[in-house]
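Student: Structure here, sequence nowhere to be found:
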């Protein structure tokens, strides 16, 4: 204690080796079956211990673990070597069926407002928690409602990293119209829209900003070393009016306020993808009115009339 007070450092001189060995053994046996030889080698190569333990000493530690409530079993594999493992212990996280349903209810509520990185982190969190809960229904129920249940998480992680770095990449994409093909783009973001996950970026094929359904991306075929911006990029400006308190409006990266009022705002959007712009404005419903350009405004009115006619025809 005097040494710790003086140096504020924990060294092997301050450790209870008996308790420390028991904790190490607990960790080893909860990770999976371990033979006596494996345990001896682990203890011998440990930076603090550097000693082997006899089989009698091992039995003492195992009996100590049993006395605190651990279930320790010895098994023999095809190689006839005995191995020890902990199948249950008093430190397990236990949830009742009612508690599990409460967790699922909260999960359903919070994921609606999460971005893709938060969703991925939440998924990993529940996967880890699931390994400590002796209830198979818990993780299965979480997977059923997860937005990432059918997603290749390794590919998703790689795409997010490419977006963070604004990499120029080539993806193998299974297009519904033309089948599998390579698409080159500058990755911008991975986001959720209408319950589906999309990769957004500046595509080279049509020289415009576009979206690609994640479930149709097979792999990242290439990450370019040198970035090249497409020539003749088709970009135009849209101005629209939105009925909403300006402080509650979340502008996109390509948007800015032109003018604000008490309960409405005029917003300018620069885009190279007419389809994505149209979809965004449609989500606002009657709160949104397109002001310019005139050709986009007229096309938008025709679209709204066609949608209206669809409800009254027949």
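Tutor: Everything's here; your move. Owing to the predicted nature of the structure, the values given are computational and were not obtained by experimental measurement.
Student: and stretch 101-108, how far from the chain's centre?
Tutor: From the chain centre to the centre of stretch 101-108 is a distance of 18 Å (C-alpha atoms, centre = their mean, to the nearest Å).
Student: Bridged to residue 71, which residues?
Tutor: Beta-bridge pairing of residue 71 under DSSP bridges involves residue 88.
Student: ok, it - contacts?
Tutor: By C-beta atoms under 8 Å, 6 or more residues apart in numbering, the residues touching residue 71 are 86, 87, 88, 89. In this view, the C-beta of every residue, glycine as well, is placed from N, C-alpha and C.
Student: which of those residues count as buried?
Tutor: Among those, those classed as buried by 16 or more other C-beta atoms under 10 Å are residue 86.
Student: Return the set of buried residues in the lengthiest helix in the chain.
Tutor: In the chain, taking DSSP state H as the definition, the longest helix is helix 294-312. Residues of helix 294-312 classed as buried: 296, 297, 300 (neighbour count, 16+ other C-beta under 10 Å).
Student: Tell me who's in contact with the first one.
Tutor: By C-beta under 8 Å, 6+ apart, the contact set of residue 296 is 236, 238, 274, 277, 290.
Student: The second one and residue 251: what is the separation?
Tutor: Put plainly, it is residue 238. When C-beta to C-beta, to the nearest Å is the yardstick, residue 238 and residue 251 sit 13 Å from each other.
Student: More neighbours: those two, which one.
Tutor: Using other C-beta atoms under 10 Å as the criterion, residue 238 and residue 251 rank with residue 238 on top: 23 against 13.
Student: So for the residue positioned nearest the centre of the chain, what's the pLDDT?
Tutor: With distances taken as C-alpha atoms, centre = their mean, the residue of the chain nearest its centroid is residue 120 (1.0 Å). Residue 120 is assigned a pLDDT of 89 by the prediction.
Student: same thing with residue 13?
Tutor: pLDDT recorded at residue 13 is 52.
Student: among the contacts of residue 71, which two are most distant?
Tutor: Using C-beta to C-beta, the contacts of residue 71 span at most 8.5 Å, a distance reached by 87 and 89.
Student: thinking again about what came up before, let me have the contacts of residue 296 in a markdown table, extended by pLDDT.
Tutor: Below are the contacts of residue 296 laid out as a markdown table (pLDDT from 0 to 100):
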| residue | pLDDT |
| --- | --- |
| 236 | 84 |
| 238 | 94 |
| 274 | 80 |
| 277 | 85 |
| 290 | 94 |
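Student: Which stretches in the stretch 201-314 of the chain count as helices?
Tutor: Counting by DSSP state H, counting those that start in this stretch, the stretch 201-314 of the chain has helices at residues 274-283, 294-312.
Student: which ones are touching the residue nearest to residue 50 when sequence neighbours are not counted?
Tutor: Distances taken as C-beta to C-beta, 6 or more residues apart in numbering put residue 44 closest to residue 50, at 6.4 Å, once the chain neighbours are dropped. Applying C-beta under 8 Å, 6+ apart, we find residue 44 in contact with 50, 51, 52.
Student: Please identify which of the residues you listed is nearest to residue 261.
Tutor: Nearest member of these to residue 261, counting by C-beta to C-beta, is residue 50, at 74.7 Å.
Student: Spell out the secondary structure type for that closest one.
Tutor: Here residue 50 is coil, with the state taken from DSSP: H, G, I helix; E, B strand; the rest coil.
Student: before we move on, could you check phi and psi at it?
Tutor: Geometry field for residue 50 lists phi and psi as phi 50, psi 50, criterion degrees, to the nearest 10.
Student: Identify the residue nearest residue 303 in space, chain neighbours excluded?
Tutor: residue 278 (7.1 Å).
Student: Let me know whether the one you found touches residue 304 as I believe.
Tutor: No - applying C-beta atoms under 8 Å as the test, residue 278 and residue 304 come out as separate, 10.4 Å apart.
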